[in-house]
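Asks: give the three-dimensional model of this entry:
(one chain, ligands or ions: 1)
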Amino acid sequence: MPASYPEVKRFVDAWFCDPDFPDRFRARPTDALHDLGVDLDPTELARLVSPEDFGILTDPTREDGVAEAGGIVADWRRYARERHQSVKTERDQRTPGCPALANWRWRQITRLKFELAPSLGDQIRHIPFAMELTRGCSGRCWFCGVSAQPLDGIFDRSPENVVLFRGLLQHLVSIYGRSAALDGILYWATDPLDHPDYESFVEDFAEIVGGAPATVTALGGRKPERAASVLATLSRHPARSHRFSVLSVRDYRTLISWFDASELALVEMLPQFRKDLRLKFAAGRARTRMKAKGTSEGEVRPGGTIACLSGVMVDFVGRTIRLVTPCPSSDSRPDGVHESAKIPFESLEDAIAVIDRLLDEIRIPLPEEGAMLSRSQGVRFADSPDSSAMRVVSDHHAIRLGSPISGDRLETKLPTSGTIDSIVETLVGELDLEPLEAVSLLRRLLDAGAIRAGLPGEGAMPVQIGVPDTGSDQEMTPPKEPG
Ligand code: SF4
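Replies: Sure thing, here's the model as predicted:
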């Protein structure tokens, strides 16, 4: 990290989070920087917010802008760009140790290349697991992308719960490997600051996994003491960057009065109150509000997601486990996730068995009879100049894929969803493929992300999967519709 980065970042954060700061800086730059605790050359910083360079503040990967090499602005830009690009690199490095799970995760990554714009899809890490230590969230943010319900339960640090937490974490590390497990997190539709002992769980995590879990909170401005305590704990261990979602200007000012530039150097500040900076898509409650108001002013808000998990979700308070993977939000998936059924567990042994059985289902490269397949959102098949291939295209991505039949024929005949048996029947009966050719084509379409297999128990259809201490199979609970 360049030595000047923390202070340049503090300046950039002020520019976005404090609506009064730009005018103060233009009028009295030295005083404005002094108030911020920044001791850098105002002339150089002014370059960063000049009309020529301003675009790189929101997208450091842009090629335009005239920042000079060697100055603090160029240093900031280079480091910000490295951090932006590291998401993709780390995503590739932190792949599950189990090849079958790595393949399933890869299928989700390739699917989202078709379904989401690269600026969004490339930033999704596809982390292996998330563990909720509370049920619901006290934030009640109107924009909540995961539709968090009100806070109504805490997984306390009783000796039994600590054994359960640590045992499950150790099991997940044994499945995914330490490198991938470092991407695991301890929240989902919850906020870490709601848990009075979050720091102790972070210490457990660091001891077992080898680093602290990346932590995102929107409550830092309301609970600065808790934020300081959590940040101090996190800073004792290697970790990815953390994030404060900033709910108001007042919250921003509280945060910078508590933390100096170096303490916030690796904490992304996201001003959720700035309408002009909000993501140009919506999921969860933001989507609900957007729909209620209508898309005024001709705004284009394609389906999006804030979900970063392709893997196991553990709800310790409700004692359920499910699989989750991101997708563009829609009326049927308002939170922008596909979810398996939620499976209840009672004990550590139950939980381990549930995880193993869920993961066994997605380890299979071709789903079993009766499983649902569906075309990835926006995917179309088209002819390729090469007669042994077809083109798979969407608004965001296009590939050439070897195929024994033409893309146009497949586009016409392949249903957008159906059981694997019915789709094989179509490929054999209507498109004249040999059964083995049909199966081979389906595998390639799955690997390419052009189609996806439903998660176990996804949708309203219950499936049979046992929880071990019942002694017999039982029905999984169909997932609650999000929102
Ligand atoms: S955005 Fe975060 S803090 Fe706000 S309600 Fe959702 S989970 Fe809670």
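Asks: and Pro404, how many neighbours?
Replies: Applying other C-beta atoms under 10 Å, we find 18 residues neighbouring Pro404. (Each C-beta comes from the backbone N, C-alpha and C, glycine too.)
Asks: pLDDT wise, what is Pro479 at?
Replies: Looking at Pro479, its pLDDT stands at 39.
Asks: typed the wrong thing, it's Thr61
Replies: Thr61 carries a pLDDT value of 65.
Asks: might you report the residue contacts of Glu369?
Replies: Contact analysis of Glu369 by C-beta atoms under 8 Å, 6 or more residues apart in numbering lists 419-421.
Asks: pLDDT below threshold where in the stretch 301-450 of the chain?
Replies: Scanning the stretch 301-450 of the chain for pLDDT under 70 picks out 301-302.
Asks: skipping adjacent residues, who's closest to the residue in it positioned nearest to the ligand in space?
Replies: In the stretch 301-450 of the chain, the residue that lies nearest the ligand is Ile306 (8.5 Å; C-beta to the nearest ligand atom). Nearest residue to Ile306 in three dimensions, chain neighbours excluded: Gly145, at 3.6 Å (C-beta to C-beta, 6 or more residues apart in numbering).
Asks: what comes up buried for the host helix or strand of Leu169?
Replies: Assigned by DSSP states H and E, Leu169 belongs to helix 159-176. Buried positions in helix 159-176, judged by neighbour count with 16 or more other C-beta atoms under 10 Å: 162, 164-173, 175-176.
Asks: quick one: which of the contacts of Glu369 sit in strands?
Replies: Among the contacts of Glu369, the ones falling in strands (DSSP state E) are Thr419.
Asks: would you turn the contacts of Glu369 into JSON lines with distance to Ser241?
Replies: Putting the contacts of Glu369 into JSON lines (distance: C-beta to C-beta, whole Å) gives the following:
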{"residue": "Thr419", "distance to Ser241": "43"}
{"residue": "Ile420", "distance to Ser241": "41"}
{"residue": "Asp421", "distance to Ser241": "46"}
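Asks: can you pick the most crowded of the contacts of Glu369?
Replies: Counting neighbours by other C-beta under 10 Å, Ile420 leads the contacts of Glu369 with 21 neighbours.
Asks: that one contacts Ala371, doesn't it?
Replies: Yes: between Ile420 and Ala371 there is a contact at 5.2 Å, judged by C-beta atoms under 8 Å.
Asks: name the residues contacting each of those two.
Replies: Joint contacts of Ile420 and Ala371 (C-beta under 8 Å, 6+ apart) are Ala453.
Asks: for the most centrally placed residue in the chain, what are its contacts?
Replies: Computing the C-alpha centroid of the chain and ranking residues by C-alpha atoms, centre = their mean puts Cys308 first, at 1.3 Å. Cys308 sits next to 124-127, 326 when contact means C-beta under 8 Å, 6+ apart.
Asks: buried sites along the strand or helix carrying Leu436?
Replies: Element membership for Leu436 (DSSP H and E) is helix 435-448. Neighbour counts over helix 435-448 (16+ other C-beta under 10 Å) mark 437-442, 445-446, 448 as buried.
Asks: need the residues that contact that helix.
Replies: In contact with helix 435-448 (C-beta under 8 Å, 6+ apart) are residues 103, 106-107, 110, 365-366, 373, 392, 399, 401-405, 420, 423-424, 427-428, 433, 451-453.
Asks: in strands, which of those residues fall?
Replies: Within these, residues falling in strands by DSSP E are 373, 392, 399, 401-402, 451-453.
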